[in-house]
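Q: Can you look at this prediction? I've put the sequence above it.
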Amino acid sequence: MILAIPSPLAVALGIATAAAYGFAAAAGARLSRKATQWALGLAWLLHAAVLGHGLIGSEPKFGFAPALSVTAWLVLTVYAVESRMYPQLKVRRALAWLGAAAVLLAILFPGTPLHVSASPWLPLHLALGIASYGLFGAAVVHAWLITRAEKQIRLATEPQGGVPLLTLERLTFRFVMAGFVLLSATLLAGLLFSETLYGASVRGWKWDHKTVFSVLAWMSFAVLLIGRVRFGWRGRTARRVLYAGSALLLLAYVGSRFVLEVVLARGAT
């Protein structure tokens, strides 16, 4: 999950990955379903190689763009598994473009070095947070699929052959629950072990932008899950809360790191 300084090999891998994603997206309409899956699978493997290559670096770095790259790869991983069970899912082209954009962004903005005094446990802490990003990202994709399916039903287009709405809804809330558990673990670790994770320079719970947005996102997802269990929330109400919580979570790390790295040109994860 920690990306090193981009080497020529890393840049070449990144460009090859983006090209593979772009081919899967652009040629998807002209290829058979199986051929498109193979093209997307190759891009996914190259993407994994890009992320894996980053682990070899002597100066680990992380930032908003690597976080988005890992998140996109996790969402694609979820799709790869789900498409085996639900071949009716039709999001290959959109996810391919997402993967290409995330990889190119990570090449342009590789992140900043971690704290020199950071604990070896910090990568695990970051991994928990990014994994929650991936799960909530998968939930957002499923919520979008529900919206699209409802629109198709109203317009009487493609009335058959898709994943049933109730199945999509059930999958959406499963991803929300799993993401909520990981996000809770990430926040709890930050609350109890911030000095251990980030070094002696960081003492106690720090109410910065990242923390505030993370807590607000956690509260939004908690409200969503309580509303689902207690009041049977579904449809537009549930999706709006999910989108709001996901936007807050995106602002928590990706947004704050973008401001620090690009706008203010500062480091320190």
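A: That came through, no problem. Numbering: from 1, shown residues only.

Q: In the stretch 51-200 of the chain, where is pLDDT below threshold?
A: 54-61, 113-123, 156-161, 193-200 (pLDDT under 70).

Q: What segments of it are strands?
A: In the stretch 51-200 of the chain, the strands defined using DSSP state E, counting those that start in this stretch lie at 61-62, 112-113.

Q: how about the helices in this protein?
A: 8-26, 33-54, 64-85, 92-108, 122-155, 165-198, 209-231, 235-250, 256-258 (DSSP state H).

Q: and residue 173, how far is that from residue 73?
A: 23 Å (Cβ to Cβ, to the nearest Å). Placement of C-beta: from N, CA and C, glycine included.

Q: Go through stretch 8-28 and flag the buried ones.
A: Buried residues in stretch 8-28, defined by neighbour count with 16 or more other Cβ atoms under 10 Å: 10, 13-14, 16-18, 20-25, 28.

Q: and of these, the nearest to residue 37?
A: Closest approach to residue 37 among the buried residues of stretch 8-28 (Cβ to Cβ): residue 24, at 8.7 Å.

Q: The closest one is in contact with residue 97, isn't it?
A: No. Look at residue 24 against residue 97 with Cβ atoms under 8 Å: they stay out of range, at 9.1 Å.

Q: how about residue 143, what does it touch?
A: 172, 238, 239, 242, 243 (Cβ atoms under 8 Å, 6 or more residues apart in numbering).

Q: what's the distance between the first one and residue 181?
A: Looking back up the chat, that one is residue 172. From residue 172 to residue 181 the distance is 15 Å (Cβ to Cβ).

Q: Just want to know which of the two has more residues nearby.
A: residue 172 (24 against 13; other Cβ atoms under 10 Å).

Q: Quick check: the more buried one touching residue 242?
A: Yes. Here residue 172 reaches residue 242: they are 7.4 Å apart, a contact under Cβ under 8 Å.

Q: For the two, list the residues in contact with both.
A: 139, 143.

Q: separation between residue 224 and residue 148?
A: Distance from residue 224 to residue 148, by Cβ to Cβ: 20 Å.

Q: my bad, residue 138
A: 16 Å.

Q: between the two, who's got more neighbours?
A: More neighbours surround residue 138 than the other of residue 138 and residue 148, with 25 against 15 (other Cβ under 10 Å).

Q: List the residues that contact the more buried one.
A: So residue 138 contacts 74, 75, 78, 79, 175 (Cβ under 8 Å, 6+ apart).

Q: Now do the contacts for residue 97.
A: Counting by Cβ under 8 Å, 6+ apart, residue 97 touches 21, 22, 25.

Q: Does the last one touch residue 100 like I think?
A: In other words, residue 25. Yes. Counting by Cβ under 8 Å, residue 25 touches residue 100, with 7.0 Å between them.

Q: Any figure for the gap between the residue nearest to the spatial centre of the chain and residue 150?
A: Most central in the chain under Cα atoms, centre = their mean is residue 71, positioned 2.7 Å from the mean C-alpha point. As for residue 71, its distance to residue 150 is 26 Å (criterion: Cβ to Cβ).

Q: One more: residue 244?
A: 19 Å.

Q: Repeat that for residue 63.
A: 37 Å.

Q: Give me the more crowded residue out of these two.
A: residue 63 (24 against 14).

Q: phi, psi of the more buried one?
A: phi -180, psi -170 (degrees, to the nearest 10).

Q: What is the neighbour count of the residue nearest to it when sequence neighbours are not counted?
A: The spatial neighbour of residue 63 that comes closest, neighbours along the chain excluded (Cβ to Cβ, 6 or more residues apart in numbering), is residue 111 at 2.8 Å. Other residues near residue 111 come to 25 when the count uses other Cβ under 10 Å.
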